[in-house]
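Peer 1: what's the 3D shape of this:
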Amino acid sequence: MPIFIYKGYDIVTGANRKGKIDAESLRTAKQILRTREKVMASDLREEINLAKSDKKSTFSLKGKSVSLVDLAVMTRQFATLQQAHVPLDECLKALTEQVENVVLRNTLSGLKEAVSEGKSMGDAMAGYPAIFNRLYINMVKAGESSGSLGLVLERLADFIEYEVAVRGRIFSAMTYPAVMITASMGIIAYLFVSVVPKLEKVFTSLKVVLPWYSKMLIGISKTLQNQWYFVLLGSAGVFFLVRAWYRSAAGRRRVDAISLKLPIFGGVVVRTNVSKFTKTLSTLLSSGVPIITALEITKNVISNQLIAQVIEDAKKAVQEGDSLWSTIERSHRFPPLVTHMIRTGEKTGELEQMLKHVAEAYDAEVERKIDAMISLIEPLMIIVMAGIIVVVVLAMLIPMLSVMNQVR
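Peer 2: Have a look, this model is predicted:
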């Protein structure tokens with residue numbers, strides 16, 4: 001059912017009124033406002049409806065994503081309403097009126113309409129792949145079939161909030177290096193464009209014989225001044241070529257392999273992926289999702305292709321009757337603690353609980369590793385950037401000192 005946004009005034013009190021109503025048509029919306037809401041509308045229009053189930057509308061939603069923060073807040077509110085035993089259509093109506101994100105609001109409106117027509121919540125969500133991923137949809141389906149949708153939504157909210165927290169920490173870790181690199185590059189560009197040309201004129205007028213490194217810096221300075229557009233085009237070309245290579249299967253796999261072997265950073269990558277693997281699998285299994293489906297979904301949420309391949313191999317092994325832990329152990333991609341806990345969980349029948357314990361342990365390790373990485377990155381960036389600036393300055397200063405010595 002369409003949603004209409006209105007502005008107007010109260011017929012009884014004359015006070016300004018605004019809000020939203022559900023109605024079949026614009027004419028019906030006007031009648032409802034006058035008779036039921038006692039509002040004379042001065043502005044009444046239909047809200048842009050992105051919630052369609054056909055292929056064209058589903059494609060249009062691909063560019064209309066919802067942030068994890070908005071999704072986490074909505075999921076938490078949804079879980080609270082469900083655990084309070086509020087009927088599903090009433091939950092969706094309340095969420096539609098409360099959510100501020102336009103795309104998510106219209107999506108919820110579409111879900112309410114689909115549920116009212118008899119669809120299950122999971123099937124309705126499957127029509128919005130840009131908003132709800134496979135993990136979300138399968139967990140909702142499992143919650144509906146087991147009659148524990150509120151509990152499943154609470155677990156989903158915990159999971160998404162964890163994702164938000166991890167991304168926030170990584171973003172914070174990368175902010176300082178990004179600022180340092182930008183500032184340093186600005187200083188270096190200023191030296192090349194403004195300071196070096198002036199010193200070159202001095203050297204030319206005094207007929208100073210320059211060392212090779214000073215000549216190289218002067219050459220770079222002239223290129224930046226006279227052929228900057230070639231520099232920009234070349235940089236853009238290199239960027240797009242590297243990005244295309246990274247997006248290829250071979251390039252992505254190569255980068256992922258290197259990232260696992262890097263000092264300090266490699267440890268963060270391994271622990272982050274292990275934490276995501278154990279947390280996702282534990283959440284899915286405890287929500288009633290079959291293990292084969294759970295492993296397939298978990299594989300798709302893992303960013304590192306090598307670790308994702310291990311999970312794919314483990315899924316095939318489990319399908320053939322093998323144990324999960326043996327495949328993971330043979331890969332040598334996971335720390336021994338993970339395989340030990342999974343083996344114990346499979347033997348005792350408490351795999352979900354064991355995975356949860358591993359996830360909690362590695363969450364703490366990820367935080368410690370990120371803190372250690374930040375503490376090392378800051379002085380390292382200062383040393384590297386200061387070193388570059390010092391090299392540029394010395395390359396220009398040494399010839400000046402030579403001139404001063406000759407004068408003396």
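
Peer 1: only C-alpha atoms for contact and neighbour calcs from this point on.
Peer 2: OK.

Peer 1: For Val39, list each beta-bridge partner.
Peer 2: Asp10 (DSSP bridges).

Peer 1: Can you report how many residues lie near it?
Peer 2: Neighbour count for Val39, taken as other C-alpha atoms under 10 Å: 25.

Peer 1: And the pLDDT for it?
Peer 2: pLDDT for Val39: 82.

Peer 1: got the contact list for Leu92?
Peer 2: By C-alpha atoms under 8 Å, 6 or more residues apart in numbering, the contact set of Leu92 is 78, 108-109, 111-112.

Peer 1: can you list the weak-confidence ranges in the stretch 1-150 of the chain?
Peer 2: 1-2, 45-65 (pLDDT under 70).

Peer 1: For the stretch 151-300 of the chain, just list every one of the helices.
Peer 2: 196-206, 212-226, 228-247, 249-261, 265-286, 291-301 (DSSP state H, counting those that start in this stretch).

Peer 1: In helices, which of the contacts of Leu92 appear?
Peer 2: Counting by DSSP state H, the contacts of Leu92 place 78, 108-109, 111-112 in helices.

Peer 1: Out of the residues you listed, flag the one nearest to Glu90.
Peer 2: Taking C-alpha to C-alpha as the measure, Glu90 lies nearest Lys112 of those, at 8.6 Å.

Peer 1: And the furthest pair within the ones in helices among the contacts of Leu92?
Peer 2: Phe78 and Ser109 (13.8 Å).

Peer 1: Show me which of these two is the more surrounded one.
Peer 2: Higher neighbour count among Phe78 and Ser109: Ser109, with 26 against 23, using other C-alpha under 10 Å.

Peer 1: just curious, which of the ones in helices among the contacts of Leu92 is nearest to Ala364?
Peer 2: Phe78 (28.2 Å).

Peer 1: List the residues that contact that closest one.
Peer 2: Phe78 neighbours (C-alpha under 8 Å, 6+ apart): 91-92, 95, 150, 153.

Peer 1: again with Leu44
Peer 2: Shown in contact with Leu44 (C-alpha under 8 Å, 6+ apart): 4-7, 26, 30.

Peer 1: swap the cut-off to 6 Å and go again
Peer 2: Counting by C-alpha atoms under 6 Å, 6 or more residues apart in numbering, Leu44 touches 5-6.

Peer 1: roughly how far is the helix or strand that contains it from the heart of the chain?
Peer 2: Per DSSP states H and E, Leu44 falls inside strand 39-46. In terms of C-alpha atoms, centre = their mean, to the nearest Å, the gap separating the centre of strand 39-46 from the centre of its chain is 39 Å.

Peer 1: And it, what's buried?
Peer 2: For strand 39-46, the neighbour count (16 or more other C-alpha atoms under 10 Å) marks 39-41, 44, 46 as buried.

Peer 1: CA atoms only for it - export them in PDB, please.
Peer 2: Listed next in PDB are the C-alpha coordinates belonging to strand 39-46 (Å, rounded to 0.1, in the frame of the first residue of the first chain):
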ATOM      1  CA  VAL A  39      -6.500  17.600   8.800                       C
ATOM      2  CA  MET A  40      -6.800  19.900   5.800                       C
ATOM      3  CA  ALA A  41      -3.800  19.100   3.700                       C
ATOM      4  CA  SER A  42      -1.800  21.900   2.000                       C
ATOM      5  CA  ASP A  43       0.800  19.500   0.600                       C
ATOM      6  CA  LEU A  44       0.100  15.800  -0.100                       C
ATOM      7  CA  ARG A  45       2.300  13.600  -2.200                       C
ATOM      8  CA  GLU A  46       3.200   9.900  -2.400                       C
END
